[in-house]
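# What follows is a protein structure lacking sequence information:
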């Protein structure tokens, strides 16, 4: 443990609060994390390795099973580095499928291809499995307490600490901490409680998604079909499965595996077996950015701070990188007894990163929208140019989020 972490841990051991808030027996934690999704759990793991006193408050009474449906599967190199710090990177590598290359086609013709170097591989593993690993890691951390079934309703900044209140099984719950973090997703209650605005960013589209048995000959390839009727993407998954995602003007009234297979076959000519296919889902990709991301002793992280289109696989990884930055800021603040504007640099840097991510995601959505005539020819020509040797490295760097 570093000298900084040791001093923080030692100073945290006997903290109590006498202001009469009636919370947690008068105890003041170092950090209260609201939300036990992949980003909140990662942040708690990072803080735990410093020996910090952390309480995690989660609305759901039980964690979803690792086999539950999961939208996010792509783990990019910066995200994997964050998981390494948390101590689960090697297990992720063991379970995940490596995506070693990507191919872009249109109407049966290859527009471009790229191969990722070993250091820049994207890995595919459902978010639920990563969350289960992080929660197992936290279970061995003596300085972290997980409290499930807590619905947060208020948060008050007392100047020296914050008090988070809510209910659990009909009983009032109060928790005090030096700092609080909202990791409670796109519909963040903490964001609303801190009075942050939710600004709409460019890029919006509808998609349908289905996981099937992978019967392609591309078990380590991302396949992008930029078809005139809209993009169809597919990515390998563990267990010999493949995820298919398709742009739609509006989701079919009756969405099942057969409807999804029809969309894919009609546009690409490729067929997949519906035997063993999961239940398809429809979703709308939208983009928002909170302003501010932090205020006083409260900060937002992950989807609570920014909603990024999942097209391109940036949202989960961007949240993990937020957690790495926030972990450092919190450790410094707690070690130094910093003033309440400690999150100013965090707000500025993560806002800039989120803006870059929304711009890239909006570009991805535009490229995957339906096109015909001159627009189709122009788009295909642009893909061919981006796939040239001189630009291929830049494209691969953007695709694997190395710029974050």
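Good, I have the coordinates. Since we're looking at a predicted model, the values are computed, not measured.
# hey, which helix is longest across this structure?
helix 344-368 (DSSP state H).
# Now do the phi/psi pair for residue 122.
phi -90, psi 140 (degrees, to the nearest 10).
# Kindly provide the distance from the residue lying closest to it once chain neighbours are set aside to residue 336.
Nearest non-adjacent residue to residue 122, counting by C-beta to C-beta, 6 or more residues apart in numbering: residue 99, 4.3 Å away. For the C-beta atoms, the positions are set from N, CA and C on the backbone; glycine is no exception. As judged by C-beta to C-beta, to the nearest Å, residue 99 and residue 336 stand 42 Å apart.
# State the helix or strand in which residue 316 lies.
Residue 316 is part of helix 315-336, with elements assigned from DSSP states H and E.
# Give the other helices and strands that that helix contacts.
helix 3-12, strand 28-34, helix 38-48, strand 74-75, helix 77-86, strand 171-182, helix 344-368 (3 or more C-beta pairs under 8 Å, 6 or more residues apart in numbering; DSSP states H and E).
# if we can go back for a sec, between residue 99 and residue 336, tell me which one has more neighbours.
residue 99 (25 against 12; other C-beta atoms under 10 Å).
# which ones are touching the more buried one?
74, 116, 121-124, 220-222, 235-236 (C-beta atoms under 8 Å, 6 or more residues apart in numbering).
# ok, 6 Å please
Counting by C-beta atoms under 6 Å, 6 or more residues apart in numbering, residue 99 touches 122, 124, 222.
# Kindly report the same for residue 220.
98, 100.
# rerun at 10 Å
Neighbour list for residue 220: 97-101, 116, 121, 124, 236 [criterion: C-beta atoms under 10 Å, 6 or more residues apart in numbering].
# Can you tell me the SS state at residue 290?
strand (DSSP: H, G, I helix; E, B strand; the rest coil).
# pLDDT wise, what is residue 342 at?
In this model, residue 342 is scored at 80, pLDDT.
# Quick check: it vs residue 179, distance?
Distance, residue 342 to residue 179, by C-beta to C-beta: 8 Å.
# give me phi/psi at the residue nearest to residue 70 when sequence neighbours are not counted?
Once flanking residues are discounted, residue 70 sits nearest to residue 126: 3.9 Å by C-beta to C-beta, 6+ apart. Main-chain dihedrals, residue 126, degrees, to the nearest 10: phi -60, psi 140.
# Please work out how many residues are found near residue 126.
24.
# how about it, what does it touch?
66-73, 95-96, 132, 211, 237-239, 241, 243.
# Helices of this structure, start to end?
Secondary structure of the chain (DSSP H): helices at 3-12, 38-48, 77-86, 89-95, 127-139, 189-193, 257-268, 315-336, 344-368, 373-386, 389-399.
# hey, least reliable of the ones you listed by pLDDT?
When I compare the helices of the chain, helix 3-12 is least confident, with a mean of 40.
# Pull the contacting residues for the spatially most central residue of the chain.
The centre of the chain sits closest to residue 316, judged by C-alpha atoms, centre = their mean, with a distance of 1.4 Å. For residue 316, the contact set (C-beta under 10 Å, 6+ apart) comprises 37-39, 42, 70-76, 79, 127, 130, 302-303, 308, 310.
# sorry, back to before: which stretch among the helices of the chain approaches residue 285 most closely?
Closest to residue 285 of the helices of the chain, according to C-beta to C-beta: helix 344-368, at 6.5 Å.
# Name the residues of that closest one that are buried.
346-347, 350-351, 353-354, 356-358, 360-362, 364-365, 367-368 (16 or more other C-beta atoms under 10 Å).
# same thing with stretch 72-91?
72-80, 82-83, 85-89, 91.
# Could you do stretch 145-164 as well?
145-147, 149-150, 152, 155, 157, 161-164.
# The residues you listed: which two are farthest apart?
Pairwise across the buried residues of stretch 145-164, and taking C-beta to C-beta, the largest span is found between 149 and 157, at 24.9 Å.
# Give me the domain ranges for this structure.
Domains of the chain are assigned by automatic domain parsing as 3-71+129-201+287-361, 99-124+205-285+371-399.
# how far does the shortest one sit from the chain's center?
Here the centre of mass of C-alpha atoms in domain 99-124+205-285+371-399, compared against the chain's by C-alpha atoms, centre = their mean, to the nearest Å, lies 20 Å away.
# With stretch 132-141 instead?
Taking mean C-alpha positions (C-alpha atoms, centre = their mean), stretch 132-141 and its chain are 18 Å apart.
# So for it, what gets flagged as buried?
Neighbour-count burial for stretch 132-141 [16+ other C-beta under 10 Å]: 132-135, 137-138, 141.
# ok, what's across the strand from residue 283?
Counting by DSSP bridges, residue 283 is bridged to residue 207.
# how about it, what does it touch?
For residue 283, counting by C-beta under 10 Å, 6+ apart, the contacting residues are 71, 205-209, 245, 251, 309-310.
# about what we covered before: so which of residue 342 and residue 179 has more stuff around it?
The neighbour comparison of residue 342 against residue 179 (other C-beta under 10 Å) goes to residue 179, with 25 against 20.
# my guess is that one meets residue 43, correct?
No. If you go by C-beta atoms under 10 Å, residue 179 and residue 43 don't touch, sitting 11.2 Å apart.
# can you list residues touching both of the two?
31, 33, 299, 326, 330.
# nearest to residue 189, of these?
residue 33 (13.5 Å).
# how many other residues sit next to that closest one?
30.
# Okay, it and residue 146: tell me how far apart.
10 Å.
# shared neighbours, these two?
Common neighbours of residue 33 and residue 146 (C-beta under 10 Å, 6+ apart) are 41, 44, 54-58.
# what would those residues look like in CSV with neighbour count and distance to residue 112?
Listed next are the shared contacts of residue 33 and residue 146 as CSV, based on neighbours: other C-beta atoms under 10 Å; distance: C-beta to C-beta, whole Å:
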residue, neighbour count, distance to residue 112
41, 29, 37
44, 31, 41
54, 27, 45
55, 24, 49
56, 26, 44
57, 27, 46
58, 24, 43
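# Out of those, list just those in strands.
54-58 (DSSP state E).
# export the residues you listed to a markdown table and tack on pLDDT and distance to residue 291?
Output for those, formatted as a markdown table (pLDDT from 0 to 100; distance: C-beta to C-beta, whole Å):
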| residue | pLDDT | distance to residue 291 |
| --- | --- | --- |
| 54 | 98 | 27 |
| 55 | 98 | 27 |
| 56 | 98 | 26 |
| 57 | 98 | 24 |
| 58 | 98 | 26 |
